Every structure is written in structure tokens, then in C-alpha cells.
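Q: Give the three-dimensional model of this entry:
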Amino acid sequence: MDPFETYLTKALLFLKIRPRSEKEIKENLKKKRADDATIEKILKVLREKRYVNDEGFAKWWVRQRVVFRPKSSRVIRMELLQKGIGKELIDIALTSEIEDGGKLNDLEQARKIVEKKIGKYKHLPKYELYQKLGGFLSRRGFEWDTIKRSIDAEFE
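A: Sure, this is the predicted structure:
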């Protein structure tokens, strides 16, 4: 089997796990010592067969973050930048999630997390509850104002 087919197979196996950005595929193939010409050829084939689409990947990533592991839009934006997605595509993905009825509003995301976690901390004094939930939300990238409002909303 020639190197192109070998690396194409490796790229397809990498894509089998979950959708990937072009940058992720490039980095994976470079790690496996593929030369630049082969990588570009493989990416061209993957684009033609629509296995790689950065816009679709960005939308998928945002949807995953909204549904399964809620994070602030700032953190989602940073994750997508690290994955090699352009700022324009990130804006499109974040906007399309809102239009599809998703809850990309940071306050709504934070409230969703608080509702899920509040039972675990109900027995704690209020200041400890704020500390625990606030720490959790801040690690997910939410700003203090959003954190405070989302926890306060639970006590109204």
C-alpha cells in the first residue's frame, strides 16, 4: 500500500471517533510523519467526500457544548479557535445555535447547571453554596455577574 492510502486510512480512522477540524487532521497526520503534500492531498479528498467541513464541525461542537457539557460562549469560542476554526465560522456557529432554538445565552446555560447541581449542595450554608457553585461555574468560563444572577435566581 502506498503512503497516500496508508495516511488516508489513518485519517479516516481518526475521523471515525468524532468529527474533526482540518487543523486537527493536519496535526494528527504530521504526528504520524506524513509529508505536507500528502496531507494536502488527503484533505482535498476528505473535503470532496464531505468528511471534513470546518463550518459543520463548529456547529456540531457548539451544539455538543450546549447540550452535554454547558460552557460559556467565551470558552466555546476559545476551544474552537484552538481547533483551528476561523473567527467568521465561529460567529456563524454560535449564531446558528441561537437561531435553532438552542440556549447559548450564558445566563441560561449557567442556570441550567445550577438547577442540575443545586440538590448536591442544598444542605450547605448559603455562602458555601455560592463558593462551590461559583467555583464550578467559573471553571466553565462564566463571568461573576452571570454566576451570581444564576445562583440568586434559584433562591427567588
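Q: how many neighbours does residue 18 have?
A: Using other CB atoms under 10 Å, residue 18 is surrounded by 11 other residues. All C-beta spots, glycine's among them, are computed from the backbone N, C-alpha and C.
Q: Can you list phi and psi of it for me?
A: Note on residue 18: its backbone torsions stand at phi -170, psi 160 [degrees, to the nearest 10].
Q: ditto for the one 3 residues further on
A: Dihedral angles of residue 21 (phi, psi; degrees, to the nearest 10) stand at phi -90, psi 160.
Q: So which residue is smack in the middle of the chain?
A: Centroid-nearest residue in the chain: residue 61, 4.2 Å away (criterion: CA atoms, centre = their mean).
Q: The residue lying closest to that one once chain neighbours are set aside: what's it in contact with?
A: Closest residue in space to residue 61, ignoring its immediate chain neighbours: residue 80 at 6.1 Å, by CB to CB, 6 or more residues apart in numbering. When contacts are counted by CB atoms under 8 Å, 6 or more residues apart in numbering, residue 80 touches 58, 61, 62, 89, 90, 93.
Q: Work out the gap between the helix or strand bottoming out on mean pLDDT in the chain and the centre of the chain.
A: One helix or strand of the chain scores below all others by mean pLDDT, DSSP states H and E: helix 87-99, with a mean of 83. Mean C-alpha position of helix 87-99 versus that of the full chain (CA atoms, centre = their mean, to the nearest Å) differs by 12 Å.
Q: could you say what helices and strands it packs with?
A: Other helices and strands packing on helix 87-99, by 3 or more CB pairs under 8 Å, 6 or more residues apart in numbering; DSSP states H and E, are helix 54-67, helix 73-82.
Q: cutoff 6 Å now
A: Packed against helix 87-99 by the contact rule (3 or more CB pairs under 6 Å, 6 or more residues apart in numbering; DSSP states H and E) you find helix 54-67.
Q: Now do the helices in this protein.
A: 3-17, 22-31, 36-48, 54-67, 73-82, 87-99, 106-121, 126-139, 144-154 (DSSP state H).
Q: Just give the number of residues close to residue 27.
A: For residue 27, the number of neighbouring residues by other CB under 10 Å comes to 15.
Q: where does the chain have low pLDDT?
A: Low-confidence segments of the chain (pLDDT under 70): 97-104, 156.
Q: And the closest residue to residue 137 other than its chain neighbours, how far from residue 117?
A: Excluding the flanking residues, the one nearest residue 137 by CB to CB, 6+ apart is residue 147, at 4.5 Å. Plainly put, residue 147 is 12 Å away from residue 117 if you go by CB to CB, to the nearest Å.
Q: Thanks again, I'm all set now.
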